[in-house]
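*Asks:* Make a model of this:
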Amino acid sequence: MYNLLFDFDGTLFDTDSAHESAFKKTFAAFELGECPAYESLKGIKTKEVFANYAIDEAIVKKMASFKSNTYQADLNSIQAFVDFNLIRHLKSIGHRVFIITGGSRLSIDLLLNIHQVSGLFEGIISAEDYKKSKPDPEPFLTCISKFNISGLMHGIEDSIQGIQSLKNAGIFAIGVHNSQIAEKSDLYFPEINEYLHYLIAQG
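*Replies:* Residues are numbered from 1 along each chain as shown. So this is what the prediction gives:
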């Protein structure tokens, strides 16, 4: 049986367009210039993104708060990529499931509640729980330490930063949803449910 360490944004949920829109609106509102490509921001704490554009901590917090509030206002439109019944089945046969994300705990909890799966995951590591963002290994290592994880592990990610974080942590890296990471992943599936069916078929 495996310990399954799931990224959240772009892996479990189709949040990319909502996050990208919120970043663009924040860059415009605070006159920060052109917003970087969202692919380069995936997995990084929101505060860390804006720390590159302001020295004053209060201003950084204000920009991060604006971005988070803008994103959270659109949560009801976000759809899940994953079939949660597949995760329920994997749990029923002994797999453990966790979330490791660069997002805020509030955003994660709100979206899980909307989809009525708030109790499905054994543990959640969010931006508040660690200092160094992906591609640093700290987010995944924090999860392993906090929830006393041992044995076989798979990390499931959709971003370059996420795959690098898994590799840096020494965790077998499953890539999904993003052909740019196919060659960097230990195993790649175009769609997360294909990976879950693959695990179920292994018994």
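
*Asks:* Any chance you could list what contacts the helix or strand bottoming out on mean pLDDT in the chain?
*Replies:* Here the helix or strand of the chain ranked lowest by mean pLDDT, DSSP states H and E is helix 46-50, holding a mean of 91. Contacts with helix 46-50, where a contact means C-beta atoms under 8 Å, 6 or more residues apart in numbering, come from 23, 26, 41, 60-61, 63-64, 67-68, 102, 104, 127, 133. From N, CA and C alone the C-beta is placed, and that goes for glycine too.

*Asks:* distance between stretch 112-120 and the chain's centre?
*Replies:* Averaging C-alpha positions (C-alpha atoms, centre = their mean, to the nearest Å) puts stretch 112-120 16 Å from its chain's average.

*Asks:* Please verify my assumption that residue 189 contacts residue 198.
*Replies:* Yes: counting by C-beta atoms under 8 Å, residue 198 is a contact partner of residue 189 at 7.1 Å.

*Asks:* Domains in the chain, by residue range?
*Replies:* 3-14+78-202, 16-76 (automatic domain parsing).

*Asks:* Pick the most buried one from those domains.
*Replies:* When the domains of the chain are scored by mean count of other C-beta atoms under 10 Å, the highest mean neighbour count falls to domain 3-14+78-202 (a mean of 18).

*Asks:* Pull up the distance across it, start to finish.
*Replies:* 15 Å (C-alpha to C-alpha, to the nearest Å).

*Asks:* do stretch 123-132 as well
*Replies:* Terminal residues of stretch 123-132 are spaced 19 Å apart (C-alpha to C-alpha).

*Asks:* ok, now stretch 175-190?
*Replies:* 8 Å.

*Asks:* and it, how far out from the chain's middle?
*Replies:* Here stretch 175-190 is found 15 Å from its chain centre; the criterion is C-alpha atoms, centre = their mean.

*Asks:* Then stretch 145-157?
*Replies:* 15 Å.

*Asks:* Over to stretch 98-105?
*Replies:* Stretch 98-105 has its average C-alpha position 6 Å from the chain's average C-alpha position, going by C-alpha atoms, centre = their mean.

*Asks:* Show residues contacting that stretch.
*Replies:* The contact list for stretch 98-105 (C-beta under 8 Å, 6+ apart) reads 3-9, 12, 42-46, 68, 108, 121-128, 133-134, 139-140, 142-143, 147, 149, 155.

*Asks:* how about a cut-off of 7 Å?
*Replies:* For stretch 98-105, contacts defined as C-beta atoms under 7 Å, 6 or more residues apart in numbering pick out 4-9, 43-45, 68, 108, 121-128, 133-134, 139-140, 143, 147.

*Asks:* Tell me the spatial nearest neighbour of residue 66, not counting adjacent residues.
*Replies:* residue 26 (5.2 Å; C-beta to C-beta, 6 or more residues apart in numbering).

*Asks:* so which strand or helix has residue 23?
*Replies:* Secondary structure from DSSP states H and E places residue 23 in helix 16-29.

*Asks:* Can you dump the C-alpha atoms of that helix in PDB for me?
*Replies:* Taking Å, rounded to 0.1, in the frame of the first residue of the first chain, the C-alpha atoms of helix 16-29 are listed here in PDB:
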ATOM      1  CA  ASP A  16      -5.400  27.200 -12.700                       C
ATOM      2  CA  SER A  17      -7.600  29.700 -14.500                       C
ATOM      3  CA  ALA A  18      -9.000  31.100 -11.200                       C
ATOM      4  CA  HIS A  19      -5.600  31.500  -9.700                       C
ATOM      5  CA  GLU A  20      -4.200  33.000 -12.900                       C
ATOM      6  CA  SER A  21      -7.100  35.500 -13.100                       C
ATOM      7  CA  ALA A  22      -6.600  36.500  -9.500                       C
ATOM      8  CA  PHE A  23      -2.900  37.100 -10.000                       C
ATOM      9  CA  LYS A  24      -3.500  39.200 -13.100                       C
ATOM     10  CA  LYS A  25      -6.100  41.300 -11.300                       C
ATOM     11  CA  THR A  26      -3.700  41.800  -8.400                       C
ATOM     12  CA  PHE A  27      -0.800  42.900 -10.600                       C
ATOM     13  CA  ALA A  28      -3.100  45.300 -12.300                       C
ATOM     14  CA  ALA A  29      -4.600  46.700  -9.100                       C
END
